[in-house]
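K.L.:
dropping a prediction and its sequence here:
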Amino acid sequence: MFYALGWFAVFILISLWSLAAWAFHTITAWTLSSAGALAGSSGAIEVLHVPDWLAPWVPDEFSLALASMLSAFMPVVEAVLEWAPALVGGLSVAVWVVWAVGSAMLIVLGVVLSGMIAVLRRRSTTPAVSSGGPAVSG
């Protein structure tokens with residue numbers, strides 16, 4: 001019974017691990033594949049501005065400095081966004097490798113858990129040795 005509960009818990013953990021890996025891969029692949037569309041929009045920096053509700057507390061010099069800093073980094077950001085769709089193929093391999101390592105570790109956890117259950121069952125079923133000397137029959 002305890003073996004079944006232990007392995008059931010391990011299989012639940014493997015299922016959750018697989019679901020997390022799938023979700024991470026799906027979201028990251030979608031993000032990387034749609035990042036190439038953002039690379040062509042160089043006018044995105046001009047759209048960025050401080051929200052109206054925050055404008056009274058932000059100095060104008062800070063807003064201008066932020067805008068100039070973002071415009072200086074724009075070529076770097078565009079270069080990274082152009083390379084992003086090419087990373088999707090490598091992402092699949094990386095996710096599979098991480099998933100396999102994590103699954104193997106969970107299976108090892110199941111084996112260790114089974115071993116611990118076996119040791120605990122063996123201890124509970126062995127008869128207790130009395131601390132006194134040998135029994136004398138007379």
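P.N.:
Thanks, I have it.

K.L.:
kindly state the pLDDT recorded for residue 106?
P.N.:
As predicted, residue 106 sits at a pLDDT of 96.

K.L.:
likewise for residue 138?
P.N.:
Reported pLDDT for residue 138: 51.

K.L.:
over to residue 89?
P.N.:
At residue 89, the model reports a pLDDT of 80.

K.L.:
and it, how many neighbours does it have?
P.N.:
By other CB atoms under 10 Å, 10 other residues sit near residue 89. Bear in mind the C-beta positions are built from the backbone N, C-alpha and C, glycine included.

K.L.:
host element of it?
P.N.:
helix 88-125 (DSSP states H and E).

K.L.:
which residue packs closest to residue 25, ignoring adjacent ones?
P.N.:
Nearest residue to residue 25, sequence neighbours excluded (CB to CB, 6 or more residues apart in numbering): residue 95, at 4.4 Å.

K.L.:
count the residues that sit near the one you found.
P.N.:
By other CB under 10 Å, neighbour count at residue 95 equals 17.

K.L.:
please apply the same query to residue 110.
P.N.:
For residue 110, using other CB under 10 Å, the count is 19.

K.L.:
surely the residue nearest to residue 25 touches residue 26?
P.N.:
No - contact criterion CB atoms under 8 Å: residue 95 and residue 26 do not qualify, at 9.7 Å.

K.L.:
contacts only, for the residue nearest to residue 25.
P.N.:
With contacts defined as CB atoms under 8 Å, 6 or more residues apart in numbering, residue 95 is in contact with 21, 24-25, 28.
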